[in-house]
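> Here's my sequence, what's the structure:
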Amino acid sequence: MITPLSRRRVHKLARETVTLDQLSAGRLTLGVGIGSARNNELEPFGEVAGPRERAVLLDEGLEKLTRYWSGDFQPVPVQQPRIPIWVAAEWPHRRPVRRAARWDGLFPTRVPSPADYAELLAEIRADRAGPASEPFDMVVGLEPGEDPKPWAEAGATWMLTNFTYTPALAQVREVIEAGPPR
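So this is what the prediction gives:
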């Protein structure tokens, strides 16, 4: 769901995302973030491990990516002026929230309550450049069966179901059969 730009070749990602955008007839949304450094999995391979360094690489990568999409590479995306970008943020960190305000959506993780979620949305609205009418998506990840209504009232526009790394097939089928929340 999240592409850590600090670990990717941005020019390659630009081409891959344009291909996906074209194959999906303009339905791609790109989720980005700094990526996790948990489990010390980055250092043995020479990857940048510090969160501030990865954040700098993310911002540089986003700048390059949008330049490539705007015509530096051909073909360009179906969606114009560019493919929508959602930025991940881990509660309670605020720098990623300010970064997300420059893009199209926020996918915050580990937000304790709908009230805290609404606080993030208020910060986004205060930081947003441009007309307030521009769309901005707020994503929330909920456990299977969790009531989405309080999160929707707090401003969520998208809901994703959080499954464990090895979910039970019956649980996944139950969520699918239940369909989207109303």
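
> Please identify the buried residues of stretch 136-149?
Phe136, Asp137, Met138, Val139, Val140, Gly141, Pro148 (16 or more other CB atoms under 10 Å). Quick note: C-beta positions are derived from backbone N, CA and C, even for glycine.

> Check which helices and strands whichever helix in the chain runs longest is in contact with.
With secondary structure taken from DSSP state H, the chain has its longest helix at helix 51-67. Packed against helix 51-67 by the contact rule (3 or more CB pairs under 8 Å, 6 or more residues apart in numbering; DSSP states H and E) you find helix 10-23, strand 30-33, helix 95-100.

> Compute the inter-axis angle for the first one and helix 51-67.
So that's helix 10-23. 50 degrees (axes from the mean of the first three to the mean of the last three CA atoms, to 10 degrees).

> I'd like to know the average pLDDT value across helix 10-23.
The average pLDDT within helix 10-23 is 97.

> next one: the last one
The predicted model gives helix 95-100 an average pLDDT of 92.

> Buried residues, it. List them.
Neighbour-count burial for helix 95-100, counted by 16+ other CB under 10 Å, picks out Pro96, Val97, Arg99, Ala100.

> The next helix or strand after it pairs with which strands, parallel or anti?
Note on helix 95-100: by DSSP states H and E, the next helix or strand toward the C-terminus is strand 105-109. Sheet partners assigned to strand 105-109 using DSSP bridges are listed as strand 85-90 (parallel), strand 137-142 (parallel).

> Now mean pLDDT and distance to Ala118 too, for those strands, in JSON lines please.
Formatted as JSON lines, those follow (pLDDT from 0 to 100; distance: least, CB to CB, whole Å):
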{"stretch": "strand 85-90", "mean pLDDT": "94", "distance to Ala118": "15"}
{"stretch": "strand 137-142", "mean pLDDT": "95", "distance to Ala118": "9"}
